[in-house]
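Undergrad: This is a predicted model, with the sequence first.
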Amino acid sequence: MRLRRRRNRMSPNTASSNPVPRTVFEDASRSRGFVLDPAQHDAVEQLCHPERPNVYLWGPPGRGKSWLADVYFSAYPRRNKLRVHFHEFFRDLHVELRRHRFDLDAALDHLIGRAELVCFDEFHVHDPADGTFVARLFLALLARRTRLVLTSNYPPRDLLPNPLFHDGFVPTIELVERSATIVALDGPRDHRLGSDHAKGFASGIWAVSPSDPQLRRLGLERPAPVEHRVLRPAGRPLRALRAEKDCLWFDFRDLCGHPTAPADYLALAADHLFWVVDKIPDLTTVGREPAQRFANLVDVLHDRDVRVVFVSEVAASELAAAVGPVAHDIGRLRSRLAQLRTIQDTSARTDAGRSRVRR
């Protein structure tokens, strides 16, 4: 799902009633050929309740959080609204804060204007510096009486899980819990696993030590040294093995082994809708920061619906353990990678198979 951002300068309607009827969700689910499960019904009740202006939807991947937010956003009748992935919003917020000399109100004026409704998809807090901004952001948005809908894989109490910083973030967690209705979407079915691999991210491939013939059938040819480029998508240098409009090719070490951020991935995904990420190791061997960057990368590529060929020594299901450097994000990461088609050379798993991706 590509997230849309909308805003204009209309005056906000301050009516307290919630303008989206429940029947919108029933009609939308019927048109998609499924029936709302009990947890989704509860979420709809809270989203449409006249006295529940702010709703925090959380649960495992694939339970319909983004779909519910999308239906609500589309049905919200006033045009002065914004929906954005939290990675993207934070990238833009940092840019605007620098432009406005760290005046948060001025930065928000530019980003959301007088929006009545703001939907944040994939809300999360891992970085303590981000936690400081989230605290200020929530207070500022509440002061504007902006209606908030957030989707997340984490309950508020699991935000900023690092034990060194979590206690300091508890007041912000309590603010979220006081200000929003918390709804758990925890049904048994992961709807993403029904993907038909038709297009975009779901049409991508996880290639385990692929043979040369397998890769040639995918139309892949290894980049030559003369194709290597140094890109600066968000200011910092980033080496690409190939950087063409129809193909962006990276080695895992270049993309995740050095300091990169979602801002880099977002900028690149805007211009390149086909990627190859090569030489992906078992994430339990690379340390916390490279593993977290890879999880962030998959988030961005999934949400921008970029087609990717991932080349790795290990199967996607074996990429990371439930305990380890990305334990907090493992459910979401596995759910997204499970959408991909897998190819594997079972006849010869060699070092060469890890790097012979060809286009």
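TA: That came through, no problem. From a predicted model like this one, the values you see are computed outputs, not experimental measurements.

Undergrad: ok, the closest residue in space to residue 45 that isn't next to it in sequence - contacts?
TA: Excluding the flanking residues, the one nearest residue 45 by Cβ to Cβ, 6 or more residues apart in numbering is residue 22, at 7.3 Å. C-beta coordinates here come from the backbone N, C-alpha and C atoms, glycine included. The neighbourhood of residue 22, defined by Cβ atoms under 8 Å, 6 or more residues apart in numbering, consists of 44-45, 48.

Undergrad: So which residues make contact with the strand or helix carrying residue 311?
TA: Following DSSP states H and E, the helix or strand that holds residue 311 is strand 307-312. Contacts made with strand 307-312 from outside it, assessed by Cβ under 8 Å, 6+ apart, are listed as 199-201, 203-210, 218, 220, 273-281, 301, 316, 319, 337, 340, 354-355, 357.

Undergrad: what distance separates it from the centre of its chain?
TA: The chain centroid and the centroid of strand 307-312 are separated by 17 Å under Cα atoms, centre = their mean, to the nearest Å.

Undergrad: what's the model's confidence in the helix or strand that it is followed by, averaged?
TA: Next in sequence after strand 307-312, counting helices and strands by DSSP H and E, comes helix 330-337. Along helix 330-337, the predicted confidence averages to a pLDDT of 86.

Undergrad: other SSEs contacting helix 330-337?
TA: On a contact count with 3 or more Cβ pairs under 8 Å, 6 or more residues apart in numbering; DSSP states H and E, helix 330-337 meets helix 288-303.

Undergrad: For the residue nearest in space to the middle of the chain, give me its contacts.
TA: Residue closest to the mean C-alpha point of the chain, counted by Cα atoms, centre = their mean, is residue 299 at 3.7 Å. Shown in contact with residue 299 (Cβ under 8 Å, 6+ apart): 87, 122, 262, 332, 336.

Undergrad: I'd like those residues as TSV, with distance to residue 57 and neighbour count appended.
TA: Listed next are the contacts of residue 299 as TSV, based on distance: Cβ to Cβ, whole Å; neighbours: other Cβ atoms under 10 Å:
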residue	distance to residue 57	neighbour count
87	17	21
122	11	22
262	21	20
332	14	22
336	18	23
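
Undergrad: Distance to residue 156 added to those residues, as TSV?
TA: Listed next are these as TSV, based on distance: Cβ to Cβ, whole Å:
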residue	distance to residue 156
87	19
122	15
262	21
332	17
336	23
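
Undergrad: sorry, back to before: ok, so what distance separates the residue nearest to residue 45 from residue 105?
TA: Relative to residue 105, residue 22 is positioned 35 Å away (criterion: Cβ to Cβ, to the nearest Å).

Undergrad: Could you list the low-pLDDT ranges of the stretch 1-150 of the chain?
TA: Under the criterion of pLDDT under 70, the regions of the stretch 1-150 of the chain flagged as low confidence span 1-17.

Undergrad: Poorly predicted segments of the stretch 251-359 of the chain, please.
TA: Applying pLDDT under 70 to the stretch 251-359 of the chain picks out residues 321-326, 346-359.

Undergrad: Can you list the residue ranges for strands in the stretch 51-200 of the chain?
TA: Here the stretch 51-200 of the chain has its strands, by DSSP state E, counting those that start in this stretch, at 55-58, 81-85, 117-121, 147-152, 181-184.

Undergrad: now the contacts of strand 307-312: which count as buried?
TA: The neighbour-count test (16 or more other Cβ atoms under 10 Å) applied to the contacts of strand 307-312 identifies 200-201, 203-210, 218, 220, 273-281, 301, 316, 319, 337, 340, 354, 357 as buried.

Undergrad: Which of these fall in strands?
TA: Of the positions in the buried ones among the contacts of strand 307-312, 205-208, 274-280 sit in strands, assigned by DSSP state E.

Undergrad: okay, among these, which ones form the most distant pair?
TA: Using Cβ to Cβ, those reach their maximum pairwise distance at 208 and 274, which is 19.9 Å.

Undergrad: tell me the contacts of residue 72?
TA: By Cβ under 8 Å, 6+ apart, the contact list for residue 72 reads 20, 24-25, 47, 119, 149.

Undergrad: Closest to residue 288 out of those?
TA: Checking those one by one against residue 288 (Cβ to Cβ), the nearest turns out to be residue 119, at 30.0 Å.

Undergrad: what sits opposite the closest one in the beta ladder?
TA: Legend: beta-bridge partners of residue 119 under DSSP bridges are residue 83, residue 149.

Undergrad: which residues in the chain form helices?
TA: With DSSP state H applied, the chain shows helices at 23-32, 38-48, 65-75, 86-99, 104-112, 128-143, 166-179, 212-217, 252-256, 262-269, 288-303, 330-337, 351-355, listed in chain order.

Undergrad: Can you pull out the residues in contact with the fifth one?
TA: What it means is helix 104-112. By Cβ under 8 Å, 6+ apart, the list of residues contacting helix 104-112 from outside reads 7, 82, 89, 92-93, 96-97, 99-100, 118, 136-137, 140-141, 144, 146.

Undergrad: swap the cut-off to 6 Å and go again
TA: Under the criterion Cβ atoms under 6 Å, 6 or more residues apart in numbering, residues 82, 92, 96-97, 100, 118, 136, 140 lie in contact with helix 104-112.

Undergrad: Could you write out the alpha-carbon coordinates of it in PDB?
TA: Listed in PDB are the C-alpha atoms of helix 104-112, where the atom choice follows Å, rounded to 0.1, in the frame of the first residue of the first chain:
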ATOM      1  CA  LEU A 104       8.600  22.600  16.400                       C
ATOM      2  CA  ASP A 105       5.400  24.600  15.900                       C
ATOM      3  CA  ALA A 106       6.700  26.200  12.800                       C
ATOM      4  CA  ALA A 107       7.900  22.800  11.500                       C
ATOM      5  CA  LEU A 108       4.400  21.300  12.100                       C
ATOM      6  CA  ASP A 109       2.800  24.300  10.500                       C
ATOM      7  CA  HIS A 110       4.700  23.400   7.300                       C
ATOM      8  CA  LEU A 111       4.100  19.600   7.500                       C
ATOM      9  CA  ILE A 112       0.500  19.400   8.600                       C
END
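
Undergrad: I'm done for today, thanks for sticking with me.
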